[in-house]
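Peer 1: I would like to see how this sequence folds:
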Amino acid sequence: MKKLTGRSRHVKTTRPAGPASLAPPSRPRSSPSPRPCKSKATGDANHPEGGGISSLGLVKGKVVPVDLEEMERTTFQRRDMVMLRRATLLAASSQGEVSPFPFSGCVLVSRKLKVLAETFQYASGTTPASLLATALASEDELKGSTLYMNLEPAYSLGEEAAVEAIVAAQAKRVVLGVEHPLVHLRGRAIEALRRAGVRVDCLRTHLAADIESVDAKDLLSRDGMGSPHLEYGGGDSLQMEMVRTLVGCLEVNENLLHNVAKAKPLCVLKYAMTLDGKTASVSGHSAWISGTQSRQKVYKQRALCDCVVVGGETVRSDNPNLTTRRGEGHVPTRVVVSRTMDLPTECNLWDTQIAPTLVITERAKNPEIQAKLRNQGVEVVELESLTLEGVVEHLYDRGFMRVLWECGGALAGPGRELAHTHSLGLPHQSCAVETSLLLTHPSLSLSLSLSFFL
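Peer 2: Numbers count the residues shown, from 1 in each chain. Okay, here's the model as predicted:
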């Protein structure tokens with residue numbers, strides 16, 4: 001049995017020739033090494049989850065029987081939800097290894113209900129998940145098959161391959177979690193597949209009539225573990241499972257959905273605080289308030305973001321590196337926001353061999369320091385007036401979808417007041433006992449995602 005190597009997996013003992021190896025991501029970074037999948041496919045759609053329990057509710061050994069009466073009553077059945085959640089889990093496989101993009105996964109199931117392939121798109125510009133999946137099965141296996149994808153594939157001029165592969169495979173049905181949020185792609189693949197005679201079922205469209213309000217208070221609640229989820233008033237267990245599956249499809253691409261809905265990157269604010277509410281001592285000393293475990297979570301969060309933002313005071317006081325502490329994977333851009341350009345000429349951030357650095361300041365501020373930084377390979381951008389609105393707008397214009405703010409109070413306070421920060425990560429440590437907790441506050445992205453589609 002073949003194992004997932006980071007891009008696709010075939011559950012048969014022999015693997016036919018597939019597409020060429022995926023191109024590396026466009027941004028400079030070390031090439032990621034292949035990783036084995038943690039779960040193994042059984043080759044049987046009655047046991048699609050493989051091993052372990054995931055956050056998306058995939059349980060090892062769980063049998064998902066076919067309910068013929070239920071299949072007649074609704075477009076979807078529980079088997080579809082299991083496969084969609086599996087596709088969502090696959091879609092997240094490269095998060096932290098590449099810069100944020102439309103994450104997509106695919107599960108290909110034969111007409112005999114056998115899992116043929118599980119794939120995901122590795123990075124922007126690489127081979128689509130559906131194209132990888134159809135390349136891993138024989139012609140006979142593909143006829144009458146079903147493809148499960150968390151996100152509608154791209155279909156536009158120059159990006160027809162994913163849809164054409166599904167049509168050429170003579171697939172019978174395609175099950176999608178959500179439509180593509182980008183305007184020029186939304187619904188295009190669905191329409192093209194239906195014109196070709198392929199049945200397409202979209203979970204978000206099916207549930208749209210059941211969602212009467214898109215207010216964050218109505219849609220989002222918190223469970224006992226602090227996980228955001230949709231509120232749904234229906235009592236049918238299948239409907240609840242459908243809502244849970246939809247939340248997973250939205251959450252895996254919350255960066256993209258928020259980016260499109262608000263024309264701003266999704267901002268995450270990180271700060272360290274003691275259990276008695278302190279972020280620094282009276283003297284201003286704040287080094288190592290957080291513990292070892294929470295710092296590891298910060299490194300992981302950096303890898304999930306396009307850039308990490310700090311203020312000039314953090315640079316002067318802490319001389320940070322702002323790296324992911326990993327030898328491979330995505331390398332976020334380090335951003336320094338300074339109104340005065342009162343910055344040291346020697347600093348860890350100016351070493352652009354390990355990561356790119358961007359300094360944002362006001363026009364004509366300290367041109368001598370600007371010239372020295374540019375000579376060291378640091379990019380300096382001058383704005384007419386340095387405001388948080390201007391900084392966020394500039395980062396959005398650069399294509400950044402997720403931004404981590406690791407700044408001090410001078411930037412963090414105004415950022416929260418202006419509602420530029422949409423989720424908060426707080427590493428906590430007690431004054432006496434180190435607890436190393438990471439608490440995540442509710443993100444607005446799920447409710448914004450739904451309001452965008454509706």
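Peer 1: ranges for the strands of the stretch 151-300 of the chain?
Peer 2: Remark: strands assigned in the stretch 151-300 of the chain by DSSP state E, counting those that start in this stretch are 173-178, 199-202, 220-222, 228-230, 266-270, 273-274.
Peer 1: parallel or antiparallel, list what pairs with the fifth one.
Peer 2: Going back to what we said before, that points to strand 266-270. Strand 266-270 has the following strand partners under DSSP bridges: strand 402-405 (parallel), strand 423-429 (parallel).
Peer 1: looking at the strands of the stretch 151-300 of the chain, which has the lowest confidence?
Peer 2: Of all the strands of the stretch 151-300 of the chain, strand 220-222 carries the lowest average pLDDT, namely a mean of 38.
Peer 1: before we move on, the earlier item: among the strands paired with strand 266-270, which gets the worst mean confidence?
Peer 2: strand 423-429 (a mean of 48).
Peer 1: distance-wise, check A123 relative to H330.
Peer 2: 9 Å (Cβ to Cβ, to the nearest Å). The C-beta positions use only the backbone N, C-alpha and C, and glycine is treated the same way.
Peer 1: what sits up against stretch 311-323?
Peer 2: Here stretch 311-323 makes contact (Cβ atoms under 8 Å, 6 or more residues apart in numbering) with 284, 287, 299, 302, 308, 310, 331-332, 334, 336-344, 347-349, 354-355, 406-408, 410-411.
Peer 1: if you could redo that for stretch 170-179, that was the one I meant.
Peer 2: With contacts defined as Cβ under 8 Å, 6+ apart, stretch 170-179 is touched by 76, 80, 83-84, 87-88, 111, 134, 142-152, 166, 186-187, 190, 193, 198-205, 245-246, 248-250, 253, 449, 453.
Peer 1: that one: end-to-end distance?
Peer 2: 22 Å (Cα to Cα, to the nearest Å).
Peer 1: could you list the buried residues of it?
Peer 2: Buried residues in stretch 170-179, defined by neighbour count with 16 or more other Cβ atoms under 10 Å: A171, R173, V174, V175, L176, G177, V178, E179.
Peer 1: skip the chain neighbours and tell me the closest residue to the fifth one.
Peer 2: Spatial nearest neighbour of L176, chain neighbours left out: C202 (4.6 Å); criterion: Cβ to Cβ, 6 or more residues apart in numbering.
Peer 1: isn't the one you found right up against I190?
Peer 2: Yes - if you go by Cβ atoms under 8 Å, C202 and I190 touch, sitting 6.7 Å apart.
Peer 1: more neighbours: these two, which one.
Peer 2: With neighbours defined as other Cβ atoms under 10 Å, C202 and I190 compare such that I190 has more, 22 against 18.
Peer 1: any idea how far the spatially closest residue to that one that is not a sequence neighbour is from V336?
Peer 2: What sits nearest to I190 in space, not counting adjacent residues and going by Cβ to Cβ, 6+ apart, is V200, at 5.0 Å. As for V200, its distance to V336 is 47 Å (criterion: Cβ to Cβ).
Peer 1: which stretches of the stretch 51-200 of the chain have low pLDDT?
Peer 2: The model of the stretch 51-200 of the chain has pLDDT under 70 over residues 51-74.
Peer 1: just the helices in it please.
Peer 2: 68-73, 78-91, 129-134, 139-142, 161-168, 188-195 (DSSP state H, counting those that start in this stretch).
Peer 1: highest average neighbour count across those?
Peer 2: Comparing the helices of the stretch 51-200 of the chain by mean neighbour count (mean count of other Cβ atoms under 10 Å), helix 129-134 ranks first with a mean of 28.
Peer 1: end-to-end on stretch 182-198?
Peer 2: Note: stretch 182-198 ends 22 Å apart using Cα to Cα.
Peer 1: ok, stretch 113-132 next?
Peer 2: Taking Cα to Cα, stretch 113-132 runs 19 Å from one end to the other.
Peer 1: next up, the contacts around the closest residue to G144 other than its chain neighbours.
Peer 2: Computed as Cβ to Cβ, 6+ apart, the closest residue to G144 that is not its neighbour in sequence is R111, at 3.5 Å. By Cβ under 8 Å, 6+ apart, the residues touching R111 are K143, G144, S145, T146, K172.
Peer 1: widest-spaced pair of these?
Peer 2: K143 and T146 (11.4 Å; Cβ to Cβ).
Peer 1: now the closest residue in space to L246 that isn't next to it in sequence: how far from I190?
Peer 2: Closest residue to L246 apart from its sequence neighbours, by Cβ to Cβ, 6+ apart: L203 at 5.4 Å. For L203, the distance to I190 equals 12 Å [Cβ to Cβ].
Peer 1: packing partners of the lengthiest helix in the chain?
Peer 2: Counting residues, the longest helix found in the chain (DSSP state H) is helix 237-252. Using 3 or more Cβ pairs under 8 Å, 6 or more residues apart in numbering; DSSP states H and E as the contact test, the elements touching helix 237-252 are helix 78-91, strand 146-151, strand 173-178, helix 203-208, strand 228-230, helix 445-453.
Peer 1: buried ones in it?
Peer 2: Neighbour counts over helix 237-252 (16+ other Cβ under 10 Å) mark 238-239, 241-252 as buried.
Peer 1: for the record, mean pLDDT for it?
Peer 2: Helix 237-252 comes out at a mean pLDDT of 92.
Peer 1: report the inter-axis angle for that helix versus strand 146-151.
Peer 2: Relative orientation of helix 237-252 and strand 146-151, computed by axes from the mean of the first three to the mean of the last three Cα atoms, to 10 degrees: 50 degrees.
Peer 1: quick check: the gap between the residue nearest to G144 and V163.
Peer 2: For R111, the distance to V163 equals 20 Å [Cβ to Cβ].
Peer 1: burial count for W350?
Peer 2: 20.
Peer 1: strand 173-178 and the longest helix of the chain, what's the angle between them?
Peer 2: Using the same axes, to 10 degrees: helix 237-252 against strand 173-178 is 60 degrees.
Peer 1: comparing V200 and V336, which shows the higher neighbour count?
Peer 2: Taking neighbours as other Cβ under 10 Å, V200 and V336 compare with V336 leading, 27 against 19.
Peer 1: beta-bridge partners for that one, please?
Peer 2: Assigned bridge partners for V336, using DSSP bridges, are V310, V359.
Peer 1: ok, it touching L343?
Peer 2: Yes - V336 is within contact range of L343, at 7.1 Å (criterion: Cβ under 8 Å).
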